[in-house]
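Engineer: need coordinates for the below:
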Amino acid sequence: MSEVLANRKIMMEATNIDPGPETRANILIVDDRKENLIATEKVLKNLDAVIFKANSGNEALSLMLRHRFAVVLLDVQMPEMDGFETAKLMQEHESMQNVPIIFVTAISKEEKYATQAAEIGAVDYIFKPINSDILRSKVKVYLDIYLQHQQILRLNKTLSQSNEELERFAYICSHDMQEPVRMMHSYAELLERKYAQLLDETGKKYLNFITNNAKHMQKMISDILGFSRVGREELTIEHVDCSQILQEVLEKFTPQIQEKKARITIGTLPVLNTNVTLLSVLFQNLIGNGLKFQDKTKVPEIEIEANQNGREWIFTVRDNGIGIDPRFHAKMFTIFQRLHRREEYPGTGIGLSTCKKFIELQGGKIWFESTVGQGTIFYFTINNKQVTP
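Structural biologist: A predicted model of the protein is given here:
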């Protein structure tokens with residue numbers, strides 16, 4: 001039994017070695033009888049897999065530390081360490097968690113043994129003599145699942161790298177474009193102030209076109225830069241008075257609120273342990289959309305409130321705007337997605353995607369309900385996180 005304890009110690013200290021891309025899966029057969037190993041290998045040899053054999057639980061554990069397996073065929077009756085104990089030790093190791101184990105046995109078919117196997121986490125319990133066709137088909141199913149899983153992991157890794165590269169590219173481009181666009185805007189305004197009287201109506205129209213588009217480009221660059229920064233830096237969690245943050249955001253919208261005579265209704269908002277920027281971005285985008293996407297014949301009405309659900313708070317931002325056509329609901333949080341022409345409702349199509357990225361980064365979620373012509377209700381959740389002293 002000392003050898004078993006030694007194997008357990010090795011397993012606890014072993015580090016997983018990334019085997020890299022795998023084109024063939026590995027099968028582990030464990031049986032103390034050599035003739036059974038040879039017979040099982042013969043049954044499975046036509047499968048597109050590498051077959052490893054072990055004649056004891058200890059040898060199986062040793063192989064497990066050096067290789068990743070798609071499926072394990074494990075004999076129940078073995079000296080020193082039986083199949084049940086071997087399986088338990090295997091599952092203590094990270095690389096073997098969720099690896100399917102098929103118990104193969106010639107012992108009594110009493111239900112208690114099958115129950116014990118199920119409790120350990122075995123996917124099947126096969127009795128000897130083995131039906132070759134059934135065993136081969138069962139093992140093939142688990143090989144296919146393993147290879148599909150590996151392919152998904154590789155695709156996810158590639159997609160993650162592509163996303164990181166795209167965000168890095170967006171950050172670099174938007175950062176480097178800020179200065180030339182700012183200069184273009186500044187000189188266009190300078191030209192308008194000093195030389196507008198020298199231009200005819202067509203010239204003034206062209207100059208106004210340059211100025212407006214420079215402003216729009218500055219806003220878009222600023223939004224892209226903000227979007228690319230989300231997740232690149234660790235967010236500071238602190239005590240945040242949500243009512244105070246909301247008032248600060250509303251002050252920025254004062255000219256629009258006064259111009260449109262908008263009515264803003266605020267319910268009781270909590271003091272939370274969260275991130276100030278997160279809350280500001282959410283309020284700014286949702287309130288801004290509520291003021292912007294309006295039927296010009298209506299007085300804008302926006303209601304903000306929050307309700308507690310355990311440690312989670314659900315915030316609601318309700319407006320009486322133009323609403324969102326159900327055909328476009330699935331696209332609402334897609335970056336650069338615009339549902340209206342810029343001439344009708346200006347914007348960059350980045351705001352809601354930034355909100356979603358921000359809120360999900362903090363473990364929350366955001367969603368909405370909308371009726372065309374009646375308005376939209378946005379919901380988002382914030383967890384009351386612990387603040388590290």
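Engineer: what number of residues lie near residue 313?
Structural biologist: Neighbourhood size, residue 313 [other Cβ atoms under 10 Å]: 20. Glycine gets a C-beta too; all of them are placed from N, C-alpha and C.
Engineer: verify the stated contact: it with residue 307.
Structural biologist: Yes: Residue 313 lies in contact with residue 307 (Cβ atoms under 8 Å); the separation is 7.1 Å.
Engineer: below-threshold pLDDT in the stretch 51-200 of the chain: ranges please.
Structural biologist: 107-119, 121, 159-177 (pLDDT under 70).
Engineer: just so I have it, where are all the strands in it?
Structural biologist: 71-75, 101-105, 124-127 (DSSP state E, counting those that start in this stretch).
Engineer: nearest to residue 196, out of those?
Structural biologist: Nearest of the strands of the stretch 51-200 of the chain to residue 196, taken as Cβ to Cβ: strand 71-75 at 78.2 Å.
Engineer: that closest one packs against which elements?
Structural biologist: Packing partners of strand 71-75 (3 or more Cβ pairs under 8 Å, 6 or more residues apart in numbering; DSSP states H and E): strand 25-30, helix 83-91, strand 101-105, helix 132-195.
Engineer: domain-wise, how is this structure divided?
Structural biologist: 2-130, 159-229, 238-383 (automatic domain parsing).
Engineer: using CSV, lay out the ones you listed together with distance to residue 137.
Structural biologist: Formatted as CSV, the domains of the chain follow (distance: least, Cβ to Cβ, whole Å):
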stretch, distance to residue 137
domain 2-130, 10
domain 159-229, 33
domain 238-383, 40
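Engineer: returning to what we had before: out of the helices and strands packed on strand 71-75, nearest to residue 202?
Structural biologist: Judged by Cβ to Cβ, the one of the helices and strands packed on strand 71-75 that comes nearest to residue 202 is helix 132-195, at 14.4 Å.
Engineer: now the angle between strand 25-30 and the closest one, please.
Structural biologist: On the basis of axes from the mean of the first three to the mean of the last three Cα atoms, to 10 degrees, helix 132-195 is oriented at 140 degrees to strand 25-30.
Engineer: deepest in the core, which of the strands of the stretch 51-200 of the chain is it.
Structural biologist: Mean neighbour counts were taken over the strands of the stretch 51-200 of the chain using mean count of other Cβ atoms under 10 Å, and the top value, a mean of 27, falls to strand 71-75.
Engineer: if I look at the closest residue to residue 276 other than its chain neighbours, how far off is residue 59?
Structural biologist: Counting by Cβ to Cβ, 6 or more residues apart in numbering, residue 276 lies nearest to residue 240, which is 5.6 Å off, once chain neighbours are set aside. Separation of residue 240 from residue 59 (Cβ to Cβ, to the nearest Å): 58 Å.
Engineer: also residue 351?
Structural biologist: Distance from residue 351 to residue 59, counting by Cβ to Cβ: 60 Å.
Engineer: which of those two has more residues huddled nearby?
Structural biologist: Higher neighbour count among residue 351 and residue 59: residue 351, with 22 against 16, using other Cβ under 10 Å.
Engineer: of all the domains of the chain, which one is nearest residue 150?
Structural biologist: When those are compared (using Cβ to Cβ), the closest one is domain 2-130, at 5.8 Å.
Engineer: quickly note the distance from the closest residue to residue 135 other than its chain neighbours to residue 351.
Structural biologist: Nearest residue to residue 135 in three dimensions, chain neighbours excluded: residue 43, at 5.8 Å (Cβ to Cβ, 6+ apart). Separation of residue 43 from residue 351 (Cβ to Cβ): 60 Å.
Engineer: apart from its chain neighbours, what residue comes closest to residue 281?
Structural biologist: Computed as Cβ to Cβ, 6+ apart, the closest residue to residue 281 that is not its neighbour in sequence is residue 358, at 5.6 Å.
Engineer: and the one you found, how many neighbours does it have?
Structural biologist: Using other Cβ under 10 Å: residue 358 sits among 24 other residues.
Engineer: need the three-state assignment for it.
Structural biologist: With DSSP: H, G, I helix; E, B strand; the rest coil as the basis, residue 358 sits in helix.
Engineer: give the contact list for it.
Structural biologist: By Cβ atoms under 8 Å, 6 or more residues apart in numbering, residue 358 lies in contact with 230, 277-278, 281-282.
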